[in-house]
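**Student:** Quick check, what structure comes out for this input:
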Amino acid sequence: MRYISTRGLTPPLSFKDAVMMGLASDGGLLLPETIPTLSQDEIAALSDLPYPELAFKIIARFVSDIPETTLKSLIDQSYASFNHKEVTPVVKQDGTYILELFHGPTLAFKDIALQLLGNLFSYLLAERGETMNILGATSGDTGSAAIAGVRGKENINIFILHPHQRVSPIQELQMTTVTDPNVFNLAIRGTFDDGQRIVKEVFGDLDFKKEFSLGAINSINWARVLAQIVYYFFAYAQVKRQTGCDSIYFSVPTGNFGDIFAGYLAKRMGLPIRKLILATNENNILSRFVRDGDYSVGSVVETLSPSMDIQVASNFERYLYYLYEGNSMKVREALEGFQESGSLSFSAAERAKVHEDFVAAAANRQETITTIRDMYQKTGYILDPHTAVGVHVGRNLAKSDAPLVCLATAHPAKFGDAVHDAIATTPPQPESLHGIEMREKRCELIDADTEKIKKYIKQHAY
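**Tutor:** Coordinates of the predicted model:
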């Protein structure tokens, strides 16, 4: 299996080189040359496997340059730290299936990919005798999950940008209370989109990237998306076992298009998904795109679900590549135009193609609070605000011809204030958060300026 860039100007790469490159050298995002497909019999044969074994069976189809025994060991090691034996269990609440993706070290779905990516980096650096400086931006959960994946590891430094005072207090503490010497937290005076822009600009400086051996942990790294494909297969198997239904709806709260793009790839691999339901908060560029073909940037709105407070979705470029039927030149031209105008337009045929796979809507603040409150009053189950966005939109858009699975992307304790607004009680705090407010903190406040970030990296890099 080889990997190519959405922009078509990077020579094909092996899986290992794709992981280490992160952002393609031409500024694009990496994708497999072909998408493996599975028959329904093959999918059925996977249905009884425990999560780590299923992950190996799926991921191995995309990896041809790591020995199978080594790959399996890396996967097993990655999920040994999760606090639920099923890793991503499915629970039924008030007629809706909730796929719980928050049983990892930092209580968010990002752990599922970043525990694996951290282990891949460690393995590849040891194999090559190299060092790496990881640079990433976070809207809340990616940062803490990435830090948890590499803290204390040899030959790796990690620099994480988060928007100052625009993540939840728990999200901030999960990052800033990690004081391992290889961890550097930078609170930028700006938004997540500023951080994401800075990361892309730094990676776009190829000389700087090479000099400081930069690595990517944001979902621009292909391995992130690959790891997330697995839980769509796992959830399908669990729900089919309970219902006997042969197809399924997935509702995905998303701001950066990575999580739902993994579902799109699962669908292309043959998983019988009726529709992928894209759910956004008031920062609704993605739902406007799906619904109306309107991909135009607005101002970032602060919401109860800050991990989705994003306007420019970095993984959208990967979907554009498929929407444009693999035409890299068209991708390049579209994104160059987007840089200038802040918007993209789509033909009627392209919009029809989008609607074959996706439906979408947004949930506002009151709808989010009401969804959390109603679920709690009916079942005692507590949704975090991101998951509540997915539940609200999913229930409105899914039809009754197949079960609905909503992705629960974070533990409600990470967003205690929002939950308290909804149900007048604070969610139980997992053991990993006990006393977090009292721990030593380390963080640097810095302008959202690319040159200042590069200067900081120079001063602290390997």
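**Student:** what about stretch 296-309, how long is it end to end?
**Tutor:** This stretch, stretch 296-309, spans 15 Å end to end (CA to CA, to the nearest Å).
**Student:** State the next helix or strand along the chain beyond the lengthiest helix in the chain.
**Tutor:** The longest helix of the chain (DSSP state H) is helix 222-243. Scanning forward in sequence from helix 222-243 by DSSP states H and E, the next helix or strand is strand 248-253.
**Student:** contacting residues around that following strand?
**Tutor:** 232, 235-236, 239-240, 259-260, 263, 272-281, 305, 308, 386-387, 389-391, 393-395, 397-399, 402-407, 409 (CB atoms under 8 Å, 6 or more residues apart in numbering). Heads up, the C-betas are built off the backbone N, CA and C, glycines and all.
**Student:** what are the bridge partners for L404, then?
**Tutor:** Per DSSP bridges, the residues bridged to L404 are Y249.
**Student:** what about stretch 141-157, average pLDDT?
**Tutor:** Averaged over stretch 141-157, pLDDT sits at 92.
**Student:** circling back: buried residues, the longest helix of the chain. List them.
**Tutor:** 222-240 (16 or more other CB atoms under 10 Å).
**Student:** Next: stretch 339-348.
**Tutor:** Buried residues in stretch 339-348 (16+ other CB under 10 Å): 344, 346.
**Student:** repeat for stretch 157-175
**Tutor:** The neighbour-count criterion (16+ other CB under 10 Å) identifies 157-164, 166-168, 170-175 as the buried residues of stretch 157-175.
**Student:** now swap in stretch 120-127 and tell me
**Tutor:** Neighbour-count burial for stretch 120-127 [16+ other CB under 10 Å]: 120-125.
**Student:** contacts for that stretch?
**Tutor:** Outside stretch 120-127, the residues touching it (CB under 8 Å, 6+ apart) are 16, 19-20, 66, 70, 74, 130-132, 134, 150, 153-156, 215, 223.
**Student:** one step back: C-alpha coordinates for the longest helix of the chain, CSV please?
**Tutor:** Extracted C-alpha coordinates of helix 222-243, given in CSV (Å, rounded to 0.1, in the frame of the first residue of the first chain):
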residue,chain,number,x,y,z
TRP,A,222,-3.1,9.8,8.0
ALA,A,223,-2.6,7.4,10.9
ARG,A,224,-5.1,9.4,12.9
VAL,A,225,-7.9,8.8,10.4
LEU,A,226,-6.9,5.2,9.9
ALA,A,227,-7.3,4.3,13.6
GLN,A,228,-10.7,5.9,13.7
ILE,A,229,-12.1,3.8,10.9
VAL,A,230,-12.0,0.8,13.2
TYR,A,231,-14.7,1.9,15.7
TYR,A,232,-17.3,2.3,12.9
PHE,A,233,-16.9,-1.5,12.1
PHE,A,234,-16.9,-2.3,15.8
ALA,A,235,-20.2,-0.3,16.5
TYR,A,236,-21.9,-1.8,13.4
ALA,A,237,-21.1,-5.3,14.7
GLN,A,238,-22.5,-4.6,18.2
VAL,A,239,-25.7,-3.0,16.9
LYS,A,240,-26.3,-5.7,14.3
ARG,A,241,-25.9,-8.3,17.0
GLN,A,242,-28.6,-6.6,19.1
THR,A,243,-31.0,-5.7,16.4
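**Student:** quick one, that helix and strand 248-253 angle?
**Tutor:** 130 degrees (axes from the mean of the first three to the mean of the last three CA atoms, to 10 degrees).
**Student:** Off-centre distance for helix 222-243?
**Tutor:** Mean-position distance between helix 222-243 and its chain equals 14 Å (CA atoms, centre = their mean, to the nearest Å).
**Student:** quick revisit: among the buried residues of stretch 157-175, which are located in helices?
**Tutor:** Per DSSP H, the buried residues of stretch 157-175 map to helices at 170-175.
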